[in-house]
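[1] What follows is a predicted protein model with its sequence.
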Amino acid sequence: MNEQKVKQLKSSRPFALWDIAVLALLAVAVIALLAASVSIKEQGANVRVYVNNEIFKDYDITEDGRFEITDSDGDILMFLVIKDKTAWVENSTCPDHICEMSKISDAPQQIVCLPNNVYIKVLGKSDIDIDIG
């Protein structure tokens, strides 16, 4: 390289101070939005249970109880326990029992049991469910 090109490269700035300030402000805004989206939780109103991709039943999260979840043949798959506005699964018939490790209370938290094809989720007060047809 000749000496003039080296001087030109040294004197050129890829970013001006204004560019760096704008990028820093954008980074802070993105981090703030991500933090806000992670921390948004809505207090649960109902617990909805799906078995084989169909709605099995809705339960009020404020009413304590132990409820059987059965398949279409009437065989018990697991028990849904609701206590103190928290729901969890007990005595699942699946081989790995991973679904028994979670407790859910806020929308949109969920418990999934793939071997039994059971999906349990907390619905918030703002969740809208419309059946058409």
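    Alright, I've got the coordinates.
[2] Would you mind confirming that residue 104 makes contact with residue 86?
    Yes - judged on Cβ atoms under 8 Å, residue 104 makes contact with residue 86 at a distance of 7.1 Å. (C-beta placed from N, C-alpha, C; glycine too.)
[3] burial of the residue lying closest to residue 51 once chain neighbours are set aside, as a residue count?
    Using Cβ to Cβ, 6 or more residues apart in numbering and skipping the chain neighbours, the partner closest in space to residue 51 is residue 118 (5.5 Å). Neighbour count for residue 118, taken as other Cβ atoms under 10 Å: 24.
[4] quick one: the strands in the protein?
    Using DSSP state E, the strands of the chain run over 42-51, 54-60, 65-70, 76-83, 86-90, 103-104, 106-107, 110-113, 118-124.
[5] pLDDT averaged over the last one - what is it?
    Average pLDDT, strand 118-124: 94.
[6] And residue 97, what's its pLDDT?
    For residue 97, the model assigns a pLDDT of 94.
[7] roughly how far apart are it and residue 88?
    As for residue 97, its distance to residue 88 is 12 Å (criterion: Cβ to Cβ, to the nearest Å).
[8] what about those two, which has more around it?
    Taking other Cβ under 10 Å, residue 97 and residue 88 do not tie; residue 88 has more neighbours (18 against 15).
[9] pretty sure the residue nearest to residue 51 is touching residue 112, no?
    Yes - contact status for residue 118 versus residue 112: in contact at 7.5 Å, counting by Cβ under 8 Å.
[10] who touches both of those two?
    Residues touching both residue 118 and residue 112 (Cβ atoms under 8 Å, 6 or more residues apart in numbering) are residue 99.
[11] Contact partners for the closest residue in space to residue 53 that isn't next to it in sequence?
    What sits nearest to residue 53 in space, not counting adjacent residues and going by Cβ to Cβ, 6+ apart, is residue 117, at 7.3 Å. Contacts for residue 117 (Cβ under 8 Å, 6+ apart) come out as 51, 52, 53.
[12] repeat that for 10 Å
    For residue 117, the contacting residues are 50, 51, 52, 53, 54, 71, 77, 94, by Cβ atoms under 10 Å, 6 or more residues apart in numbering.
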